[in-house]
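Asker: below are the sequence and a predicted model; questions follow.
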Amino acid sequence: MTKKLLILNGSHSEIPLIKAGKKLGFHVITIGDAPGLIGHKYSDEYHPVDYSDKDEVLEISKKLSIDSVCSCANDFGAITASYVSGVLGLSGHDTFETTLLLHHKDSFKKFSKENDIPTPHARSFDSASQAINSIDEFNYPLIVKPVDLTGGKGVSKVNNRSEFNKSVQIAFDLSFENRIVIEEFFNGTQHSLSSFVVNHKVVFYFSDNEFSFQNPYYVSSSAAPAIHIDKYSSSLVRSIETISKKLGLVDGVFHVQYLANGTRATIIDITRRCSGDLYPYPVNYATDIDWSEWIIRSESGMNCENFPRVNQAGYYGRHCVMSNRKGLVKDVSIDPIVRKYIVDELFWWQPGYNIIDFMTQKVGIVLLKYPSMSVMMDITKRLPDLIKINLV
């Protein structure tokens, strides 16, 4: 019988995973509480279950006799996948306790400090009053974050005492765990390194530069490879392998966000799941491997020791098409300057598409190939002006 693979959402970000699962011969089932998402059209079966509710996902997994579970491009999905796999005895995921340690910022900060992992110094708090009463212990500027959210949700840069209370309250209001971290500000450019770990060794990595549009803590564009990656790769790989050995991680993806200032790199976030917004496709272009397929292989417990020995090459990017204000979409205009670099695109808007949350809402994604690093960096910085949403 065909094995069943449960993928914990069906947004545009899960499309590469859904396609890879079907390519590997799985009957792919998607879930999520938004049935209109574009990714569900690509799966074999859909059920309206909230992927962040681990007990509901466990019940549907039992009911459907699921063989494997794959996280979506969200930390709540990684946590749910770990929980369900642990209860059902499925392979391909770290233990639930380890997954919480890695994906909750306060526990990861504590682990990093104990194991000399380079990351900004931080303190965690479980009440707003506790954080506010500790204000004199910090030097500005600061970064305030919920421990359990991604995509820049609830993140604030605090420059002075008058901003502190408001930022703390915003972070607590959004945190599901009702915990926050306050960390020292590190002045650097933002990048990521997505690696694949086999037997606690990094056998491959893909690096890029990250850019934001309206929300400075929400990545909307990327350009690969990362500037000066040769300067920082050894340190980052060493940290990943240290974490993997110390925690006994299973084989698979290990994604790191880091800041670099020309002298050193510091890790600001990690996750063990596929990154979103069609992230696998630039990896595919730069390596000729199917990144999503290897993520599915690892999360379904397949042997990954034959991961191909490849290196990143070329200059590739992706850009989320977003608006700078609320409104109804009339159309999207693409400047001829950038059109020649676009190798693929996915749009899901229609005339009248309603932009409600312009800080996070997207209408499509374009994938780009550039002839050089200099052209890539120049165009990437101008993409919000070169690809524009025109509102009614």
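Answerer: Sure thing, it's come through.

Asker: low-confidence ranges in the chain?
Answerer: Within the chain, no range satisfies pLDDT under 70.

Asker: domain ranges for it?
Answerer: With automatic domain parsing as the criterion, the domains of the chain are listed as 4-101, 121-184, 189-391.

Asker: what about the strands in the stretch 151-300 of the chain?
Answerer: Ranges of strands in the stretch 151-300 of the chain, per DSSP state E, counting those that start in this stretch, are 156-158, 180-184, 189-198, 201-212, 219-224, 252-260, 265-271.

Asker: before we move on, the earlier item: out of the domains of the chain, nearest to residue 115?
Answerer: When those are ranked by proximity to residue 115, the top entry is domain 189-391, at 6.0 Å, counting by Cβ to Cβ. C-betas here are computed from N, CA, C, even on glycine.

Asker: span of that closest one from start to end?
Answerer: 32 Å (Cα to Cα, to the nearest Å).

Asker: residues touching residue 111, list them.
Answerer: Neighbouring residues of residue 111 by Cβ atoms under 8 Å, 6 or more residues apart in numbering: 101, 117, 243, 246.

Asker: pick out the most distant pair among those residues.
Answerer: Every pair of the contacts of residue 111 checked by Cβ to Cβ; the farthest is 101 and 117, at 12.3 Å.

Asker: and those two? which has more neighbours close in?
Answerer: residue 117 (20 against 17; other Cβ atoms under 10 Å).

Asker: is it true that that one touches residue 267?
Answerer: Yes. The pair residue 117 / residue 267 is scored as a contact, 6.4 Å apart, by Cβ atoms under 8 Å.

Asker: any shared contact partners between these two?
Answerer: Common neighbours of residue 117 and residue 267 (Cβ under 8 Å, 6+ apart) are residue 239.

Asker: where do the helices sit along the protein?
Answerer: Here the chain has its helices, by DSSP state H, at 15-23, 54-64, 75-88, 96-103, 105-114, 128-133, 161-174, 229-247, 280-287, 291-299, 336-339, 373-386.

Asker: would a markdown table of the strands of the stretch 151-300 of the chain with distance to residue 370 be doable?
Answerer: Formatted as a markdown table, the strands of the stretch 151-300 of the chain follow (distance: least, Cβ to Cβ, whole Å):
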| stretch | distance to residue 370 |
| --- | --- |
| strand 156-158 | 30 |
| strand 180-184 | 34 |
| strand 189-198 | 17 |
| strand 201-212 | 12 |
| strand 219-224 | 8 |
| strand 252-260 | 21 |
| strand 265-271 | 24 |
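
Asker: point out the most buried one among these.
Answerer: Most buried of the strands of the stretch 151-300 of the chain by mean neighbour count (mean count of other Cβ atoms under 10 Å) is strand 219-224; its value is a mean of 25.

Asker: quick one: strands adjacent to that one?
Answerer: The strands beside strand 219-224 in its sheet (DSSP bridges) come out as strand 201-212 (antiparallel), strand 315-321 (antiparallel).

Asker: can you put those strands in a markdown table and add distance to residue 151?
Answerer: Formatted as a markdown table, these follow (distance: least, Cβ to Cβ, whole Å):
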| stretch | distance to residue 151 |
| --- | --- |
| strand 201-212 | 11 |
| strand 315-321 | 11 |
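
Asker: which one of these lies nearest to residue 307?
Answerer: That would be strand 201-212 among the strands paired with strand 219-224, by Cβ to Cβ, at 5.1 Å.

Asker: what's the angle between that closest one and helix 229-247?
Answerer: Interaxial angle of strand 201-212 relative to helix 229-247 (axes from the mean of the first three to the mean of the last three Cα atoms, to 10 degrees): 120 degrees.

Asker: ok, the residue lying closest to residue 155 once chain neighbours are set aside to residue 327 distance?
Answerer: In space, and not counting its chain neighbours, residue 155 is closest to residue 217: 4.1 Å by Cβ to Cβ, 6 or more residues apart in numbering. Distance of residue 217 to residue 327, computed by Cβ to Cβ, to the nearest Å: 23 Å.

Asker: now do residue 63
Answerer: 42 Å.

Asker: one more: residue 183?
Answerer: Separation of residue 183 from residue 327 (Cβ to Cβ): 35 Å.

Asker: so how many other residues sit close to the residue nearest to residue 155?
Answerer: So residue 217, with other Cβ under 10 Å, has 18 neighbours.

Asker: what's near enough to touch the residue nearest to residue 334 when sequence neighbours are not counted?
Answerer: Excluding the flanking residues, the one nearest residue 334 by Cβ to Cβ, 6+ apart is residue 387, at 5.2 Å. Residues near residue 387 by Cβ under 8 Å, 6+ apart: 319, 321, 332, 333, 334, 335, 338, 366.
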